[in-house]
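Asker: Pasted the sequence and its predicted model underneath.
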Amino acid sequence: MQVTNIDWNEYQKMIVQLIERIPIDKFSGIYGVPRSGLLIATHLSYQTDLPIVKTPTIDTLVVTDIFDETKTQTHSETLLDYIENYRTASLVRVSGTKKQPTYYVRKTDEWLIMPWMKQDMEVGHGS
């Protein structure tokens, strides 16, 4: 599996692309999935002036960094927990996932290392 490092410049470009895909006026707030979505939620909030909420409601956008329904999660919540009932957004959707976020920037089968992740992380092990 190919490993690709996403640097901060590429990350910022992805945030801009994600915002361009989202009809911001349809949402009252942003919920970041714990750990994987908090940074994205913060950046989206600053760029859109939507508040970050503690609990999602029907008009909340639920976000995470990488959507992969097959990976082992090391934390309790994933975007998959929200995908049936909420509109969701992710920077990356992993190829082969049956479900998908409502909005995303990139579809890939590469192993991506985001700028905040450990650079020496083993492929196949979550952050």
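Answerer: That came through fine. Numbering: from 1, shown residues only.

Asker: most residues in a single helix of this structure, which one?
Answerer: Determined from DSSP state H, the single longest helix within the chain is helix 8-21.

Asker: residue ranges with poor pLDDT in this structure?
Answerer: The model of the chain has pLDDT under 70 over residues 69-80, 83, 118-127.

Asker: Spell out the residue ranges of the helices in it.
Answerer: Taking DSSP H as the criterion, the chain carries its helices at 8-21, 38-48.

Asker: ok, back up a step: what comes up buried for the longest helix of the chain?
Answerer: By neighbour count on 16 or more other C-beta atoms under 10 Å, the buried set for helix 8-21 is Glu10, Tyr11, Met14, Ile15, Leu18, Ile19. Glycine gets a C-beta too; all of them are placed from N, C-alpha and C.

Asker: so Pro105 sits right up against Glu20, yeah?
Answerer: One thing to correct before we go on: residue 105 is Val, not Pro. No. In this structure, Val105 is not within contact of Glu20 by C-beta atoms under 8 Å, at 9.1 Å.

Asker: how far does stretch 14-28 stretch from start to finish?
Answerer: 22 Å (C-alpha to C-alpha, to the nearest Å).

Asker: ok so, going back, figure out which of the helices of the chain is closest to Pro115.
Answerer: For Pro115, the closest of the helices of the chain is helix 8-21, at 4.9 Å, according to C-beta to C-beta.
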